[in-house]
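Novice: Would you be able to build a 3D model of this:
(one chain, ligands or ions: 1)
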Amino acid sequence: MNYCERIEEEVKKKDSDMPVFLQALHEVLGSTQMIFDKHPEYEKMGILERLIEPDRIIQFKVPWVDDHGVTHVNRGFRVQYNHVLGPYKGGLRFHPSVNMDTLRFLGFEQVFKNALTTLPMGGAKGGSDFDPKGKSDMEVMRFCQSFMLELNRYIGPDEDVPAGDMGVGGREIGYLYGMYLRIRNCAERGVLTGKGIGYGGSLARKEATGYGLIYFLNEMLEAQHIAREGKRVLVSGSGNVAIYAAEKAMQCGMKVIGMSDSKGYILDEELDLEAVKEIKENRRGSLKEYPTLCGHGLYKEGSVYDVDVKCDIALPCGTQNEINGERAKRLIKNGVIAVAEGANMPDDNEAIEEYLKNGILFAPGKAANAGGVATSGLEMSQNSLRLSWSFEEVDQRLHDIMVSIHKQCQKAMDEYGLDRKNYVAAANIAGMQKVIDAMIAQGIF
Ligand code: NDP
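Specialist: Just a heads-up that it's a prediction; the model follows:
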């Protein structure tokens, strides 16, 4: 048994109640043994043991009162995973499915993703099982204030800088930030990212993950000499990542033919993204409203990955494990040539195997969706400088970072003789090596 296999077996026993984390761990350990073959000394240093165990896990109760005067209690979490590269950094997710399993998976991935951006950021993730859906603005505000009352003890511009994720957008960040300032009696801008533009946010942060995904996809296609113009694109999800991925794909001459949400999907050869924005960003509604709102297109309940529709490129941007082996086979049957993950781990390990077996270009989330956290890093830089860069300047930096992530992947492919369509191993190796180098330089602690 090699080092990666031994560690995976040990963690499987210790954390047997964390299937999603174990899935993410398998994806990483299944493709990085070559680092340890090259550097057998890492095993004695306990590199993997130290990487896999979070620095700290914080769990707290979040009591709040609804509009009818009824008290509710949710769970709040922050997993501070690794900070050898900089302050802990990673989003907060508010969704009923949030638990320690999900957050360990997301925090672990975040460490390598942040390393790939080359910005000085460690990895963390947090959130709550609170569901903002169907709550009034005042209920969301009271929840956020209660959440921050506890979280504020563990964060700070040089310590841990949370951002948004599913269920945490500009509204939630605003309420969280306001409470932090009040508790600390300060005006530290760099403590949260994803802030409003008027009070320390960065232009292009809202667009960053989706735009960055397309910048990475473009690099991948170009490396294979595949033209992107006219390619038929299926985007799942219709939240922050999905909407701006669709927008940039359209700007780059691709044709977006479908999107989805947690209940159903729309298919439309003339997809009207402004209508999707109106429904999702302004009304916080369901895609069910789409055909009525814009007078064309079709809405159906269920997953967009269970229908037969011809598409060249799939951009899963909803949530983890949207695509299993069966759904991947269907995508391949329907002509997919490239899959790039806007969400974190939307493809399970069987789906990834199908892509690789069939020579499909595949970009894992930790490389392809790193544009969001990269631009959060740029927001932190602007906050430290007390300056705001223009949209074009931030977008250019984002573009350069995505190109650099692609180059780092190619470098790992060259160094380790990897398949040039498989970015899984390349992204894991490139990200992990950076973290290991810093861990060794900083000693054992
Ligand atoms: P949002 O909350 O803005 O949107 C999530 C979208 O996914 C919603 O449209 C939601 O539907 C949909 N969705 C939820 N579950 C499913 C499902 N099972 N099948 C299909 N669609 C589903 O979140 P984000 O766009 O911010 O995040 C999406 C993903 O991207 C997450 O995995 C997140 O971790 C990842 N990510 C986000 C970054 C960011 O900057 N925001 C950065 C990097 C990664 P509904 O509208 O019905 O709720």
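
Novice: confidence score at the residue most central in space within the chain?
Specialist: Geometric centre of the chain, nearest residue: Asn344, 4.6 Å, by CA atoms, centre = their mean. Per-residue pLDDT puts Asn344 at 95.

Novice: thought it was touching Ala367?
Specialist: No: contact criterion CB atoms under 8 Å: Asn344 and Ala367 do not qualify, at 11.7 Å. Every C-beta, even on glycine, is put in place using the N, C-alpha and C of the backbone.

Novice: before we move on, the earlier item: does the residue nearest to the centre of the chain sit in a helix, a strand or a coil?
Specialist: Judged by DSSP: H, G, I helix; E, B strand; the rest coil, the three-state class of Asn344 is coil.

Novice: Now do the residue nearest to it when sequence neighbours are not counted: how many residues are near it, please.
Specialist: Once flanking residues are discounted, Asn344 sits nearest to Gly365: 4.7 Å by CB to CB, 6 or more residues apart in numbering. A count of nearby residues for Gly365, using other CB atoms under 10 Å, gives 24.

Novice: start the count at 8, not 1, going forward
Specialist: Renumbered: residue one is now 8, and that last one reads Gly372.

Novice: And Gly372, how far from the ligand?
Specialist: To the ligand, Gly372 is 6 Å away according to CB to the nearest ligand atom, to the nearest Å.

Novice: looking at this, Gly217 is in a strand?
Specialist: No: under three-state DSSP, Gly217 sits outside any strand and is assigned helix.

Novice: and the closest residue in space to it that isn't next to it in sequence, how many neighbours does it have?
Specialist: Once flanking residues are discounted, Gly217 sits nearest to Tyr251: 2.8 Å by CB to CB, 6+ apart. Residues within reach of Tyr251, counting by other CB under 10 Å, total 26.

Novice: How about Arg393?
Specialist: 8.

Novice: How about the residues of the stretch 258-407 of the chain by the ligand?
Specialist: 267-270, 324-326, 329, 349-351, 376, 379 (CB under 6 Å from any ligand atom).

Novice: how about 5 Å then?
Specialist: Residues of the stretch 258-407 of the chain lying close to the ligand (CB under 5 Å from any ligand atom) are Ser267, Asp268, Ser269, Gly325, Thr326, Ala350, Asn351, Asn376, Gly379.

Novice: Please flag which of the residues you listed sit within helices.
Specialist: Gly379 (DSSP state H).

Novice: Would you mind giving the residues of the stretch 258-407 of the chain next to the ligand as a markdown table with distance to Gly302 added?
Specialist: What follows is those, written out as a markdown table (distance: CB to CB, whole Å):
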| residue | distance to Gly302 |
| --- | --- |
| Ser267 | 20 |
| Asp268 | 20 |
| Ser269 | 24 |
| Gly325 | 26 |
| Thr326 | 30 |
| Ala350 | 30 |
| Asn351 | 35 |
| Asn376 | 33 |
| Gly379 | 33 |
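
Novice: So which elements touch the lengthiest helix in the chain?
Specialist: Longest helix of the chain, by residue count under DSSP H: helix 398-423. Packing partners of helix 398-423 (3 or more CB pairs under 8 Å, 6 or more residues apart in numbering; DSSP states H and E): helix 107-124, helix 212-230, helix 372-375, helix 378-392, helix 430-449.

Novice: hmm, 6 Å instead?
Specialist: Packed against helix 398-423 by the contact rule (3 or more CB pairs under 6 Å, 6 or more residues apart in numbering; DSSP states H and E) you find helix 212-230, helix 378-392, helix 430-449.

Novice: In contact with the residue nearest to the centre of the chain, which residues are there?
Specialist: Leu113, Glu116, Gly372 (CB atoms under 6 Å, 6 or more residues apart in numbering).

Novice: Dihedrals phi and psi, the closest residue to the ligand within the stretch 158-307 of the chain?
Specialist: Residue nearest to the ligand within the stretch 158-307 of the chain (CB to the nearest ligand atom): Gly246, separated by 1.7 Å. Backbone torsions of Gly246, given as degrees, to the nearest 10, read phi -100, psi -150.

Novice: just the buried members of the residues of the stretch 258-407 of the chain next to the ligand?
Specialist: Ser267, Asp268, Gly325, Thr326, Ala350, Asn351, Asn376, Gly379 (16 or more other CB atoms under 10 Å).

Novice: mind listing the strands for the stretch 208-357 of the chain?
Specialist: 239-243, 262-267, 271-274, 305-308, 320-323, 345-347 (DSSP state E, counting those that start in this stretch).

Novice: looking at those, which is buried most?
Specialist: Of the strands of the stretch 208-357 of the chain, the one with the most neighbours on average (mean count of other CB atoms under 10 Å) is strand 320-323, at a mean of 30.

Novice: hmm, who's touching that strand?
Specialist: So strand 320-323 is contacted by 238, 240-243, 252, 329-330, 338, 343, 345-350, 353 (CB under 6 Å, 6+ apart).

Novice: ok, now with 8 Å
Specialist: Residues from elsewhere that reach strand 320-323 (CB atoms under 8 Å, 6 or more residues apart in numbering): 220, 224, 238-244, 249, 252-253, 256, 261, 329-330, 338, 343-350, 353-354.

Novice: if we can go back for a sec, buried residues, the longest helix of the chain. List them.
Specialist: 401-402, 404-406, 408-409, 412-413, 415-417, 419-420, 423.

Novice: which of those lies closest to Ala194?
Specialist: Val401 (22.1 Å; CB to CB).

Novice: Please look at the closest one and Leu210 and confirm they touch.
Specialist: Yes: assessed by CB under 8 Å, Val401 is found in contact with Leu210 at 5.4 Å.

Novice: Show me what the longest strand seen in the chain is packed up against.
Specialist: Assignment by DSSP state E gives strand 78-89 as the longest strand of the chain. Using 3+ CB pairs under 8 Å, 6+ apart as the contact criterion, the elements in contact with strand 78-89 are strand 63-72, strand 95-101, helix 107-124, strand 130-135, helix 144-158, strand 167-171.

Novice: buried sites along it?
Specialist: Buried-residue list, strand 78-89, by 16+ other CB under 10 Å: Asn81, Gly83, Phe84, Arg85, Val86, Gln87, Tyr88, Asn89.

Novice: show me what contacts Val175?
Specialist: Per CB under 8 Å, 6+ apart, neighbours of Val175: Gly98, Leu99, Arg100, Phe101, Gly134, Pro139, Gly201.

Novice: make that Gly384, sorry
Specialist: Lys96, Asn121, Thr124, Leu126, Pro127, Met128.

Novice: Please indicate which of those are buried?
Specialist: Taking 16+ other CB under 10 Å as the criterion, what is buried in these is Lys96, Asn121, Thr124, Leu126, Met128.

Novice: separation between the third one and Ile408?
Specialist: Read that as Thr124. Distance of Thr124 to Ile408, given as CB to CB, to the nearest Å: 6 Å.

Novice: shared neighbours of those two, anything?
Specialist: With CB under 8 Å, 6+ apart as the test, Thr124 and Ile408 both reach Ala377, Ala381.
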